[in-house]
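A.B. asks: Just the structure for this:
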Amino acid sequence: MRRKSTLLLSLFFAACAEPPAAPHAVATRSADATEFADHAGAGDLSDALRPDGARVCQVQRDGGGAEVAARGPRRLALLAAGSYETRLFVDPTKPPIAGLRFRRLTDAVDAARASRLARGELTRAACRIHIAVAAGDYVGSFDAAAPATHERLPILIDVPDLTIRGATHLGRDEAGRPVPPADGAPASVLRPDRPMVFLPVTEAFLVVVGHPGGSAGDGAEIRDVTFASGRTDGSSGGMGVITLRVRRLRLEGNHFPGGLSSAFDVRASDGVIVGNLMQRLGANCAVCTAGPGHLRIRDNRIEDGALGGIYVGALLAHMPIAAGAAPAAAIEPYALPATASAEAEVVNNRVTGHRRLPIGFALRVLALGPGTAGVPQATTVRVRRNDFDSNTFGIVVDGGFPAAGALRRGDLTVRLAHNRIAGSCQAPLLVAFTRHTGALGVTVNPYLVNSTFALALGGDVAWADAWYAHPDGLGNTLLVDGVLQPTGTRVAYDPARSCP
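C.D. replies: Numbering: from 1, shown residues only. This is a model prediction of the structure:
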């Protein structure tokens, strides 16, 4: 079984690898004998973190709740009557305050988790719990022998409506995409005590998971955190955030300065990935998504990765996720459904500098995920107002992982509008009813059968400039701007060709 899991993970690695917000200001003030952080300009946190006392959720009889400011005896009375804390703080430089301020993010998440489970808030909560993480370095470990001061990795979120918000601030350019923070700017930095790994079991800083029939990290928000890889030699490994079976996800304003294999690996989840900065990531997709689910991927900047930017598919066979030395709960394997579909909106992202050969891409949309060739799949992706510049291929639309002897049916609908696709080293668009490298003649792979690709190019790419692999006799259908295309192949891959 372990060999099978490792093989699936290797297959996923092969899925990609081939031969204006206001600045944060942090102040501390006194409320009774307690200090509370006031994050100026921190969006929805700015109102709640005023120095007028703690915030608690006053639970209503109908199961709803209202967040109220409370201090002193009133706070204690509300807590005794069943209310709970909604504003937690993490700051290793200040003494802990029971139930309110913690030295480790791990402990704040554990406190929120215990509160949710004690009240039976498994998939929806009466009030959101916010965890404000002060600027500083937070060193974590996957290993049992790590010091007690280290974060316990991965940090597991498996209860609903929890926000983690750090002090990292990314400015925005004129297009609304993030730009790097100024040197020396305050940041909440998670870093491992050793380099993280991608194989044979994937390590990630944060894992957001839903347990079948149990609690789920639905509504999780992870914002304004810097994820540092701990690698300085140009290698890569590990991931920032993995999600599995969660809804209402929001990943926003985070910074990945290099050395991880991927920033986000989002599996069977719904939500938004917005305004993140990803730089110099490894031989994988920076934003890896696999349904079933509906995702919006917008306003991100992805630069100079070893392989690819954004990857969208309908399904992925389970891959093992490292649970660490002291897991808060098990991470159950993902069971493949009978059919799968996914939708994604890819809007206003800048993806540049993925020049790996034979495959580097800004966006890849694939028909069949690794280990899923026997499951019929359908994926629809709307691609608008993106800037895809200086990549080996601007967009790859391909069969993914068709396997001999399996059903091999996957339908794709891709609609382009108002994108800039420029400086592609090989071609702006590759369309293939087989694996992308099979179309280039680098590998030999089975083709899809009885599948339909429908592309609306929107004037962003001339079909005459696209490459395609669509051989006769397989029952496949290729529609481009509503016009049925004849079978055939047009590919001119040249590994000696340099980028413009």
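A.B. asks: where does Ala344 land in three-state SS?
C.D. replies: Here Ala344 is recorded as strand under DSSP: H, G, I helix; E, B strand; the rest coil.
A.B. asks: these two touch, right, it and Val312?
C.D. replies: Yes. Using C-beta atoms under 8 Å, Ala344 is in contact with Val312, at 4.7 Å. Any C-beta I mention is one placed from the backbone N, CA and C, and that applies to glycine too.
A.B. asks: Could you tell me which residues touch both of those two?
C.D. replies: Residues touching both Ala344 and Val312 (C-beta atoms under 8 Å, 6 or more residues apart in numbering): Thr289, Leu295, Thr379, Val381.
A.B. asks: Quick check: the two most widely separated of those?
C.D. replies: Across these, the longest distance by C-beta to C-beta is 11.0 Å; it joins Leu295 and Thr379.
A.B. asks: Tell me the secondary structure of the residue located most distally from the centre of the chain, please.
C.D. replies: Distance to the chain centre peaks in the chain at Pro73, reaching 42.3 Å (criterion: C-alpha atoms, centre = their mean). Here Pro73 is helix, with the state taken from three-state DSSP.
A.B. asks: Overlap of the contact sets of Leu295 and Thr379?
C.D. replies: What both Leu295 and Thr379 touch, as defined by C-beta under 8 Å, 6+ apart, is the set Val312, Ala342, Glu343, Ala344.
A.B. asks: Could you dump those residues into CSV with pLDDT, distance to Ala112 and neighbour count added?
C.D. replies: Formatted as CSV, those follow (pLDDT from 0 to 100; distance: C-beta to C-beta, whole Å; neighbours: other C-beta atoms under 10 Å):
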residue, pLDDT, distance to Ala112, neighbour count
Val312, 98, 31, 27
Ala342, 98, 30, 24
Glu343, 98, 31, 19
Ala344, 98, 30, 25
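A.B. asks: circling back to that earlier point, identify those among the shared contacts of Ala344 and Val312 that sit within strands.
C.D. replies: Thr289, Leu295, Thr379, Val381 (DSSP state E).
A.B. asks: Among these, which one lies nearest to Val274?
C.D. replies: Distances from Val274 to these, taken by C-beta to C-beta, are shortest for Leu295, at 10.5 Å.
A.B. asks: so that closest one touches Val274, yeah?
C.D. replies: No. Using C-beta under 8 Å, Leu295 is not in contact with Val274, being 10.5 Å away.
A.B. asks: Compare these two (neighbour count), which wins?
C.D. replies: Leu295 (25 against 21; other C-beta atoms under 10 Å).
A.B. asks: list the contacts for the closest residue to the more buried one other than its chain neighbours?
C.D. replies: Nearest non-adjacent residue to Leu295, counting by C-beta to C-beta, 6 or more residues apart in numbering: Ala344, 4.8 Å away. Ala344 sits next to Thr289, His294, Leu295, Arg296, Ile297, Val312, Thr379, Thr380, Val381, Arg382 when contact means C-beta under 8 Å, 6+ apart.
A.B. asks: again, but for Asp107
C.D. replies: Val90.
A.B. asks: next structured bit after the host helix or strand of it?
C.D. replies: Using DSSP states H and E, Asp107 sits in helix 105-119. Next in sequence after helix 105-119, counting helices and strands by DSSP H and E, comes strand 129-133.
A.B. asks: Work out the sheet partners of that next one and label each with its direction, please.
C.D. replies: strand 87-90 (parallel), strand 162-165 (parallel) (DSSP bridges).
A.B. asks: Just send the ones you listed back as JSON lines, with distance to Gly438 too.
C.D. replies: Formatted as JSON lines, the strands paired with strand 129-133 follow (distance: least, C-beta to C-beta, whole Å):
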{"stretch": "strand 87-90", "distance to Gly438": "48"}
{"stretch": "strand 162-165", "distance to Gly438": "41"}
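A.B. asks: what are the ranges of the strands in the stretch 401-500 of the chain?
C.D. replies: For the stretch 401-500 of the chain, the strands defined by DSSP state E, counting those that start in this stretch occupy 410-417, 420-422, 427-432, 452-456, 467-470, 477-480, 483-484, 488-490.
A.B. asks: Just say which of these is most tucked in.
C.D. replies: strand 427-432 (a mean of 25; mean count of other C-beta atoms under 10 Å).
A.B. asks: Next, the angle strand 410-417 makes with that strand.
C.D. replies: Taking axes from the mean of the first three to the mean of the last three C-alpha atoms, to 10 degrees, strand 427-432 and strand 410-417 form an angle of 160 degrees between their directions.
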